[in-house]
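Following is a predicted model, sequence given first.
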Amino acid sequence: MPGKAKGKAKTINEEKKSEIHRMIIDLSETTAEGLEHINSLTMKGYFEDTAEIFTDVANSFHETERALLATMENYEESSLKVAGSKVTEAMQLMLLAYEGDSKARPMEIIQFTLLPAYRRWQKEMHETLGESAQSAYH
């Protein structure tokens with residue numbers, strides 16, 4: 001009997017992990033929507049009005065990475081971590097633009113650096129977590 005209880009605990013752990021992965025994917029979609037909104041406003045000339053949204057997007061991404069680190073055994077060595085580092089670098093460039101760095105061009109950064117990096121990271125995340133997250137729906 002003790003062996004069964006131990007096995008069941010592992011299943012519950014895997015179920016929780018799958019649920020967390022589903023929530024990570026859902027949060028990544030909301031984060032992508034925030035980035036798209038920042039892009040849209042920036043293209044219309046309202047970059048200064050996007051600072052609060054950017055803060056939320058950056059926090060969301062940071063929390064997503066923390067959850068991945070907590071639920072993936074080899075996250076630090078994964079291609080997902082590498083892709084996430086590219087997003088972090090692009091967000092740092094955007095931060096320079098918000099801080100008024102004259103060399104940082106927000107429209108170029110978001111269109112040609114941040115959004116593409118985020119999309120690559122999101123694709124990698126879907127591929128990495130796909131099966132685990134899908135099992136949470138069943």
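Nice, I can see it.

Residue 104 in helix, strand or coil?
Residue 104 carries the three-state label coil when classified by DSSP: H, G, I helix; E, B strand; the rest coil.

can you count the residues close to it?
16 (other C-beta atoms under 10 Å). In short, each C-beta sits where N, CA and C put it, glycine included.

what's near enough to touch it?
Residue 104 sits next to 93-94, 96-97 when contact means C-beta atoms under 8 Å, 6 or more residues apart in numbering.

Closest to residue 68 out of those?
residue 94 (21.3 Å; C-beta to C-beta).

Relative to residue 25, how far out is the nearest residue to the closest one once chain neighbours are set aside?
Counting by C-beta to C-beta, 6 or more residues apart in numbering, residue 109 is the residue found nearest to residue 94 once chain neighbours are left out, at 5.4 Å. For residue 109, the distance to residue 25 (C-beta to C-beta, to the nearest Å) stands at 25 Å.

From residue 52, how far out is the spatially most central residue of the chain?
Geometric centre of the chain, nearest residue: residue 61, 4.1 Å, by C-alpha atoms, centre = their mean. In this view, residue 61 and residue 52 are 15 Å apart by C-beta to C-beta.
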